[in-house]
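Trainee: heads up, no residue letters with this:
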């Protein structure tokens with residue numbers, strides 16, 4: 001299905017963005033927040049103290065930025081993903097895809113600090129076991145449409161999907177890309193997950209049931 005602009009009716013949730021400013025005015029981090037403090041999709045700039053007051057415990061994910069404004073870490077909050085293990089991330093871009101896509105892969109262990117964001121090139125230099133990868137999410141930066149979300153069977157019901165979506169949303173908006181949203185195509189398991197959490201308002205109602213991503217995938 002071709003990409004389209006995010007339908008306005010999908011933006012019914014209350015996820016807003018806070019750019020946290022250092023004393024000199026540099027954006028030190030970008031926080032995706034779930035609360036009614038600001039309308040959905042709003043981006044505000046706040047000092048450290050103001051951010052602490054207005055965000056409270058409502059952060060979904062925090063993106064740390066370096067001096068050049070590049071995202072160097074993604075920290076999903078324990079509130080949003082309380083059962084998730086320590087997670088670090090790798091970004092793999094599909095520049096030749098039509099349209100281009102980005103994949104955010106979630107891992108645990110392998111000697112990497114939780115929250116670290118590594119490039120595809122750096123990932124190839126890390127010794128990984130097949131059990132280290134928890135899952136992945138794929139989306140199109142030009143529009144924000146996410147078309148794949150997968151969690152390894154052994155890691156399901158541990159809020160890994162929540163951590164992945166929060167981190168992908170945070171990475172996308174920190175770079176000035178559109179917010180993530182989903183159309184009406186998903187697996188039965190994806191429909192169960194979609195209806196269980198607050199991101200249901202960021203996706204269209206089910207229109208097409210896709211086949212399971214693994215033979216063992218089933219709702220319940």
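Mentor: It's in. Keep in mind the model is a prediction, meaning the values are calculated, not measured.
Trainee: got the buried residues for stretch 20-37?
Mentor: By neighbour count on 16 or more other Cβ atoms under 10 Å, the buried set for stretch 20-37 is 20-21, 28-34, 37. All C-beta atoms are positioned from the backbone trio N, CA, C, and that covers glycine.
Trainee: which element is the spatially most central residue of the chain on?
Mentor: For the chain, the residue sitting closest to the mean C-alpha position, by Cα atoms, centre = their mean, is residue 168 at 2.4 Å. In the assignment (DSSP states H and E), residue 168 maps to helix 160-174.
Trainee: what sits closest to residue 133 if chain neighbours are left out?
Mentor: Distances taken as Cβ to Cβ, 6 or more residues apart in numbering put residue 107 closest to residue 133, at 5.4 Å, once the chain neighbours are dropped.
Trainee: give me the below-cutoff pLDDT ranges for this protein.
Mentor: Along the chain, the parts satisfying pLDDT under 70 run over 1-13, 183-220.
Trainee: related to what we said a few turns ago, hmm, residue 132 and the residue nearest to residue 133 touching each other?
Mentor: Yes - in this structure residue 107 lies within contact range of residue 132 using Cβ atoms under 8 Å: 5.0 Å.
Trainee: these two: who's more crowded?
Mentor: More crowded of residue 107 and residue 132, by other Cβ atoms under 10 Å: residue 107, with 24 against 16.
Trainee: any idea how far residue 44 is from residue 16?
Mentor: 7 Å (Cβ to Cβ, to the nearest Å).
Trainee: those two: which has the busier surroundings?
Mentor: Between residue 16 and residue 44, counting by other Cβ under 10 Å, residue 16 is the more crowded of the two (23 against 15).
Trainee: just the strands in this protein please.
Mentor: 15-21, 27-34, 43-47, 59-65, 71-76, 88-94, 101-107, 117-118, 133-139, 146-151, 185-186, 208-209 (DSSP state E).
Trainee: out of those strands, the one nearest residue 163 is which?
Mentor: The closest of the strands of the chain to residue 163 is strand 71-76. By Cβ to Cβ, the value is 4.0 Å.
Trainee: that closest one vs strand 101-107, what angle?
Mentor: 60 degrees (axes from the mean of the first three to the mean of the last three Cα atoms, to 10 degrees).
Trainee: list the contacts of strand 71-76.
Mentor: Residues outside strand 71-76 that contact it (Cβ atoms under 8 Å, 6 or more residues apart in numbering) are 30, 60-66, 84, 87, 89, 113-117, 162-163, 166-167, 170-171, 174-175.
Trainee: how about stretch 79-91: buried residues?
Mentor: Buried residues in stretch 79-91 (16+ other Cβ under 10 Å): 80-81, 84-85, 87-91.
Trainee: and the end-to-end length of that stretch?
Mentor: 24 Å (Cα to Cα, to the nearest Å).
Trainee: give me the contact list for the helix holding residue 168.
Mentor: The contact list for helix 160-174 (Cβ under 8 Å, 6+ apart) reads 15, 17, 30-32, 43, 60-63, 65, 71, 74, 76-77, 80-81, 84, 87, 89, 91, 104, 106, 117, 134-137, 139, 141, 144, 146, 149, 151, 178-180, 193, 197, 199.
Trainee: one more pass at 7 Å, please.
Mentor: By Cβ atoms under 7 Å, 6 or more residues apart in numbering, the residues outside helix 160-174 that reach it are 17, 30, 32, 60-61, 63, 65, 71, 74, 76, 80-81, 84, 87, 89, 104, 106, 134-135, 137, 139, 141, 144, 149, 151, 178-180, 193, 197, 199.
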